[in-house]
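A.B. asks: Predicted model and sequence below, questions to follow.
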Amino acid sequence: MKKIALALAAVAGLAATGAQAQNYPARPITMIVPFAAGGPTDVVARIVTDHMSRTLGQQIVIENVAGAGGTTGITRAAQAQPDGYTIMMGHMGTHGAAPALYPNLKYDPTKDFAAIGMAAGTPIVIVAKKDFPANDLKGFLDYMKANGEKVNMAHAGVGSVSHSTGILFNSIIKAKPTMVAYRGTGPALNDLMANTVDYMTDQIVNVAPQIQGGNIKAFAIATPERSPVLPNVPTTKEAGLGDYQVSAWNAVFAPKGTPADVVKKLNDALVKSLDDENTKKRLLELGGVLPSAEERTPDGLQKLVNSEVARWTPVLKAAGATAE
Ligand code: MLT
């Protein structure tokens, strides 16, 4: 009798999940952004979820949960109910660099998520306060050599994009600046514009408007080609630091165990958002790079995560990045 009851319960459970998934989404969705409002992760999240909400017919509410280089927010999202009502905006830091820097990380980017798709590629730009006493990368490097730890580098916490790409940059130029952690590079950019912190390596979608406005300096962009929105900013290769080639990415994830047809609905909404002219315009005018067809798929994103974790672990260990 007990076995029949258990079997019926299991079927009922599947049916309920099926029914839930069929009616999904029946209420607003929360997207956890693991950094402070106003930074690159937050900006990309708000741009792509605007159109996603319309396709899904439910509001996607952004919840900023900052701390520990983004791993606080991602840990909370990973442990949420896998029902499609909690999703997250992760990136090359939280789902690539973090395992190398947090031995006790409470999630495994290669196993603990349902990948939805990439939202944007985000080239890295070397930026400094307007008062920085250098006007090109060579002058900047000379100053760094002469002033060492008197120079302050801003970042968004150990394992964040700005931290991991900053560690890589510092190891290549053999600099040991004083590192200043923020809850996101939105607040860090405010201090850069206030001339109270010296430089950072940040995602173009955050710094492009302030570079264009002349409020901060940009010494180089770490991609093979210049950005169409920053035509006067040389590549690191052009500026004599070709070894520093790095780009980041932001992507949507759900907790592991999210039903397949919920994943499909979320992916469909993301892809439609990335095909929407207004979404494309907003991402491109900030220097964002639209994901390829492969990167927009759950499998393509999962493959990228697996390769990024494998790539960043030796790089950061070689760069002497300290764990938590
Ligand atoms: C980072 O990893 O540096 C974050 O993307 C910064 C942010 O989004 O605030």
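C.D. replies: That came in fine, so what should we check first?

A.B. asks: residues touching the residue lying closest to residue 91 once chain neighbours are set aside, list them.
C.D. replies: In space, and not counting its chain neighbours, residue 91 is closest to residue 250: 4.6 Å by CB to CB, 6 or more residues apart in numbering. Just so you know, the C-beta spots here come from the backbone N, C-alpha and C atoms, and that holds for glycine as well. For residue 250, the contact set (CB atoms under 8 Å, 6 or more residues apart in numbering) comprises 40, 41, 44, 45, 89, 90, 91, 118, 119, 120, 122.

A.B. asks: Could you identify the most distant pair in those residues?
C.D. replies: Using CB to CB, the contacts of residue 250 span at most 14.1 Å, a distance reached by 40 and 118.

A.B. asks: Just give me the neighbour total for residue 318.
C.D. replies: Using other CB atoms under 10 Å, residue 318 has 10 neighbouring residues.

A.B. asks: Same question for residue 78.
C.D. replies: Residue 78 has 23 nearby residues by other CB under 10 Å.

A.B. asks: now the helices for the stretch 1-150 of the chain?
C.D. replies: Per DSSP state H, counting those that start in this stretch, the stretch 1-150 of the chain carries helices over the ranges 2-23, 40-56, 71-78, 98-101, 137-147.

A.B. asks: Go through these and name the closest to residue 260.
C.D. replies: The nearest among the helices of the stretch 1-150 of the chain, by CB to CB, is helix 2-23 at 8.1 Å.

A.B. asks: which residues of the stretch 151-300 of the chain fall in strands?
C.D. replies: Ranges of strands in the stretch 151-300 of the chain, per DSSP state E, counting those that start in this stretch, are 152-155, 178-181, 199-203, 216-221, 247-255.

A.B. asks: from these, which stretch is densest packed?
C.D. replies: Of all the strands of the stretch 151-300 of the chain, strand 199-203 has the most neighbours on average by mean count of other CB atoms under 10 Å, namely a mean of 30.

A.B. asks: Provide a list of residues in contact with whatever residue of the chain ends up closest to the ligand.
C.D. replies: Closest residue of the chain to the ligand, CB to the nearest ligand atom: residue 39 (2.3 Å). Taking CB under 8 Å, 6+ apart, we find residue 39 in contact with 156, 184, 185, 186, 187, 188, 189, 206.

A.B. asks: give me that answer again for 10 Å
C.D. replies: Neighbouring residues of residue 39 by CB atoms under 10 Å, 6 or more residues apart in numbering: 33, 45, 64, 66, 156, 160-162, 182-189, 202-203, 205-206.
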